[in-house]
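Enquirer: what follows is a predicted protein model with its sequence.
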Amino acid sequence: MRWRVSGSMWMLVILAVFTVVTCNQGGVTTGPTLPLPSGGRYVGADTCKNCHQTIYDEVQTTRHSQALTSLQQIGFGTNSECLSCHTLGYGFESGFKDATSTPGLGGVQCENCHGPGEQHVSSGGDKTKILTYPGILAASLCGKCHTDAHHPTYDEWEVSSHTKVTEHVAGYLADPVNGPARLVSCGPCHSGDYRVMVMENALASPNLVGKTREEMTAQTCAVCHDPHKATGNNAAEGEEAQLRHKEYWDPEQDPYQGGDSTDINVYSRIDQVCGQCHNRRGADPTDAGLAMNTSRAAHYSVQLDFLLGLGGVEDGGSPALSEHRFTPRQCATCHVSMKEYESEDNPAITGHTFRIRLEGCSPCHSISDAAARMLNTKSDIEAKLATLKNRLDAWGVQANIQGKGALSWEYSSYGGPSSGATGQDLIPIQIKRARYNYYYVEHDGSFGVHNAKYARYLLLVANQQLDALGVP
C-alpha cells in the first residue's frame, strides 16, 4: 500500500484507525497492527454527536452506519475476519468487542476515518488531535476496507488516471509566484484538496506552494463521494453511492448557472459527477468567441458537452445526435461498469479504473457488436481528422501563394501566429471555425465513440468552411 499523507503524526493516526483485516469469505488478509497514539482511545459516535449533531444525523442515513447490521443479516456478525471493517476499533482495547458489551461501537463511525477521538474531546475540540483536512481526503483511508476480490474499489482506483495531479499542473500549483492564482483556475478540477475544501465545503483554500506532486491530493474517493450522507444522486433506483453530484445531467432543465459560462465558478459547478470537471470549461464556439480566443483550443475536458452534443461550431440546423446522451447513468454507463463477486479467480468489478467495459454497452449492444462499432467509429473519425488537417495545412500554402505570406492555421500556443493585426487577425473566420471543430473532436479523446453522429457533423461543418474558401 502506498501512503500519500505526509507527517509522522498523521501517519500514526491513520495506520491506527484499523487493524488491516479484510472481510473475505475465502480467507483473511492481515497487515501490521500498530498501537494507538498515547492516550488515544475510541469514544464512539454517540460522544461525537454532542458537538456534531447534524453530521451525525446525516451519517445515520448511510450504509456505513449499518455495516454491522448488514454483517449480522448474512450470518457473519461474529466473524473476526470481517469485524475490523464493520465496527469501530475492533482489536483495540477501547474498540468494539461484541454487540452485547459494546453496542455503541457497531458500524462504521466518525473515528474509523478521523482516528481515535479521546484527545480531541478532552482538549475541547482541538482539530490537531484528529485527522482532518487535507489528510482526511487520502484514498488509502477508504482503501483499508474497500479492497480485495469482493470490493476492489481502491485497488482499481490505484491504476486509474485519477491517482495523481497531472504532472505539469502540479508544477503550476507548487510555483511560489503563480501557484495561488493557478490553484483558483486549475484547482477545481486538478486538485482534490481545492475541490473538496473550497468548491464543496466553502473552506479556506489549501496552500500547495512548494509541495511535491506526491504531497498533493488528486481525485480521491471523497472528491466524488460524500463520506457523511446519502445524497440520492445515483440514477438507478435503489442504489446509493453517496455521490456528491448526479449521474445524469439535462442541460435543458439545468443549464449553466450564474451567468458567464467562461467563468470557472459557473462551469465547475455543473451538477453532474463527471461533468464537474469533464466539460468544455467555457470554450466559446461563437464567431465573437473564436475571434477573441486565439491562444489555444478547447481544453482536453470536453467529454460531457460532447456526449450531449453541445459546444461545437454548428451551421444553425439541428445536428444528429447519438443515443448515448440519453443513457440514465451517462458517463458511468460505460466508464463505471460493475460486476458482482463470483470467486477469488473471478472477482468483483467496481468500475473505478474508469476504463470502458464493453459489458456496460448492454442491452443495446452485444460485446462483439460494441467492439466492432467502436473500432469502425474510431477509424472513421481518425481518418476524417487527418483529412481535415491536410486541408487546413493546404490553406496555409494557398494563402502564401496569394501573397499573404506563410500563414499557419494553428492557435498561437500551438505554433501559430501571435495575436493581433499581423498574426491571428489575418486568419479568416472560416479557418477559425474549422480549427475549433478539429480540436473539439480531437480533444474529446473518444474519436467519436461518445457521440459519433455529432463528431461527423462537426467535421462536416469544418469542411464546409474550407469549401467556402476554395481550399482543395
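Expert: In hand now; what should we look at?

Enquirer: backbone dihedrals for I349, please?
Expert: According to degrees, to the nearest 10, the main-chain angles of I349 amount to phi -130, psi 130.

Enquirer: please read the previous query as pertaining to Y56.
Expert: Summarising the backbone geometry of Y56 under the convention degrees, to the nearest 10, its torsions are phi -60, psi -50.

Enquirer: just T87 next, same as before
Expert: Reported as degrees, to the nearest 10, the phi and psi values for T87 are phi -140, psi 180.

Enquirer: count of neighbours near it?
Expert: By the measure other C-beta atoms under 10 Å, the count of residues near T87 is 25. In this view, the C-beta of every residue, glycine as well, is placed from N, C-alpha and C.

Enquirer: could you verify my assumption that it touches A67?
Expert: Yes - here T87 reaches A67: they are 7.3 Å apart, a contact under C-beta atoms under 8 Å.

Enquirer: shared neighbours of those two, anything?
Expert: Residues within reach of T87 and of A67 at once, by C-beta atoms under 8 Å, 6 or more residues apart in numbering, are 106-108.

Enquirer: neighbour-wise, which one of the residues you listed leads?
Expert: Of those, G106 is surrounded by the most neighbours, 25 neighbours in total, counting by other C-beta under 10 Å.

Enquirer: hmm, it is touching H64, no?
Expert: No - at 11.1 Å, G106 and H64 do not qualify as touching, with contact defined as C-beta under 8 Å.

Enquirer: on that earlier part again, can you redo the shared contacts of T87 and A67 as JSON lines with secondary structure, distance to S362 and pLDDT?
Expert: Output for the shared contacts of T87 and A67, formatted as JSON lines (DSSP: H, G, I helix; E, B strand; the rest coil; distance: C-beta to C-beta, whole Å; pLDDT from 0 to 100):
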{"residue": "G106", "secondary structure": "strand", "distance to S362": "39", "pLDDT": "96"}
{"residue": "G107", "secondary structure": "coil", "distance to S362": "35", "pLDDT": "96"}
{"residue": "V108", "secondary structure": "coil", "distance to S362": "33", "pLDDT": "97"}
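
Enquirer: in TSV, list those along with distance to S337.
Expert: Written out in TSV, the entries for the shared contacts of T87 and A67 read as follows (distance: C-beta to C-beta, whole Å):
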residue	distance to S337
G106	33
G107	29
V108	26
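
Enquirer: okay, now Y256: neighbour count?
Expert: For Y256, the count of nearby residues is 17 (other C-beta under 10 Å).

Enquirer: need the contact list for it.
Expert: 266-267, 270.

Enquirer: tell me the mean pLDDT over the top helix by length along the chain?
Expert: Longest helix of the chain, by residue count under DSSP state H: helix 367-399. Along helix 367-399, the predicted confidence averages to a pLDDT of 95.

Enquirer: buried ones in that helix?
Expert: 370, 373-374, 377, 380-381, 384-385, 388, 391-392, 395-396, 399 (16 or more other C-beta atoms under 10 Å).

Enquirer: packing partners for that helix?
Expert: For helix 367-399, the contact count by 3 or more C-beta pairs under 8 Å, 6 or more residues apart in numbering; DSSP states H and E identifies helix 429-444, helix 452-468 as packing neighbours.

Enquirer: ok, now with 6 Å
Expert: helix 452-468 (3 or more C-beta pairs under 6 Å, 6 or more residues apart in numbering; DSSP states H and E).

Enquirer: distance between the helix it packs on and the chain's centre?
Expert: What separates the centre of helix 452-468 from the centre of its chain is 30 Å, taken as C-alpha atoms, centre = their mean, to the nearest Å.

Enquirer: next: stretch 267-278.
Expert: Relative to its parent chain, stretch 267-278 has a centroid offset of 9 Å by C-alpha atoms, centre = their mean.

Enquirer: circling back to that earlier point, could you dump the buried residues of helix 367-399 into JSON lines and include distance to R182?
Expert: Formatted as JSON lines, the buried residues of helix 367-399 follow (distance: C-beta to C-beta, whole Å):
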{"residue": "A370", "distance to R182": "40"}
{"residue": "R373", "distance to R182": "40"}
{"residue": "M374", "distance to R182": "36"}
{"residue": "T377", "distance to R182": "36"}
{"residue": "D380", "distance to R182": "38"}
{"residue": "I381", "distance to R182": "33"}
{"residue": "K384", "distance to R182": "35"}
{"residue": "L385", "distance to R182": "31"}
{"residue": "L388", "distance to R182": "33"}
{"residue": "R391", "distance to R182": "36"}
{"residue": "L392", "distance to R182": "31"}
{"residue": "W395", "distance to R182": "35"}
{"residue": "G396", "distance to R182": "33"}
{"residue": "A399", "distance to R182": "36"}
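
Enquirer: which of these sit farthest apart?
Expert: Using C-beta to C-beta, the buried residues of helix 367-399 span at most 43.3 Å, a distance reached by A370 and A399.

Enquirer: just the pLDDT at the closest residue in space to V441 that isn't next to it in sequence, thanks.
Expert: The shortest distance from V441 to any non-neighbouring residue, by C-beta to C-beta, 6 or more residues apart in numbering, is to A455 (5.1 Å). A455 is assigned 97 on the pLDDT scale.

Enquirer: same check on C48?
Expert: So C48 comes in at 96 (pLDDT).

Enquirer: from here on, count from 49
Expert: Done: numbering now begins at 49, and the last item shifts to C96.

Enquirer: residues contacting it?
Expert: Contacts here follow C-beta atoms under 6 Å, 6 or more residues apart in numbering; on that basis C96 touches C158.
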